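Asker: This is a predicted model, with the sequence first.
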Amino acid sequence: SQQGEEDPQALSIQEGENATMNCSYKTSINNLQWYRQNSGRGLVHLILIRSNEREKHSGRLRVTLDTSKKSSSLLITASRAADTASYFCATSRGGTSYGKLTFGQGTILTVHP
Amino acid sequence: EAQVTQNPRYLITVTGKKLTVTCSQNMNHEYMSWYRQDPGLGLRQIYYSMNVEVTDKGDVPEGYKVSRKEKRNFPLILESPSPNQTSLYFCASSSHGVYSNQPQHFGDGTRLSIL
């Protein structure tokens, strides 16, 4: 089963509004990463948060991590039509999964002009 | 320009005909990985390589082979493709393993259809 589960599966908002996407995972992690994918294209790395961090910012992006709840959220503030894409969380674990990266199913974000 | 290059971008083939999807990166990255993306399932890791001559299975390795003879190349081999391997495939690389908190750089994908 997937390590990361994302919620909602789809999100539709107006330009200028904030978009929040959530990711839950099952086992302890080393880091959690967020990626963006424009339709049918390769994924682009957005932000990485380590297991000992609680919050990170990058431009209009804010990521939080709650390891006690095994969850993360990605907030995009003041969204633009160009933010329309699929967003994926991915988790890296240690131990026997040292080199593995496990993705969630993604959230499809549509930003209407 | 730093990039991960996959070839071909599109391929339609038939069951049982061996095929290879090439992946090359020009960033001197140690870590490379293959994923497949299917609707509703997100990306699933097929194989990864921590460095030259070191490869390991991901979550869905059945029916695939890989090799890492050179640092820059990480081909994905389907010895006897079957229709359930029809998918969108991505190659990715990072300077070190995902455990070392390095982001992945992705190729543009290979859309594979097996009839």
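Answerer: Arrived safely, thanks for sending. Numbering: from 1, shown residues only, chains lettered A, B, ... in the order given.

Asker: Kindly report the residues of chain B close to chain A.
Answerer: B:4, B:31, B:33, B:35, B:40-45, B:48, B:50, B:56, B:58-59, B:88, B:90, B:92, B:97-99, B:101, B:103-109, B:111 (Cβ under 8 Å from any Cβ of the partner chain). C-beta coordinates here come from the backbone N, C-alpha and C atoms, glycine included.

Asker: change it to 6 Å
Answerer: B:42-43, B:45, B:48, B:50, B:56, B:97-99, B:101, B:103, B:106-109 (Cβ under 6 Å from any Cβ of the partner chain).

Asker: Type out the PyMOL command that picks the buried ones from those residues.
Answerer: Applying 16 or more other Cβ atoms under 10 Å in any protein chain shown to those, the buried members can be selected in PyMOL as follows:
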select buried, chain B and resi 42+43+45+48+50+56+97+98+99+101+103+106+107+109
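
Asker: farthest pair in the residues of chain B next to chain A?
Answerer: Distance extremes for the residues of chain B next to chain A: the farthest pair is B:Tyr99 and B:Asp108 at 25.7 Å, using Cβ to Cβ.

Asker: Now do the same contact list for the closest residue to B:Gln102 other than its chain neighbours.
Answerer: Using Cβ to Cβ, 6 or more residues apart in numbering or on different chains and skipping residues adjacent in sequence, the residue nearest B:Gln102 is B:Ser94, 4.2 Å away. Applying Cβ atoms under 6 Å, 6 or more residues apart in numbering or on different chains to B:Ser94 gives the contacts B:29, B:31, B:102, B:104.
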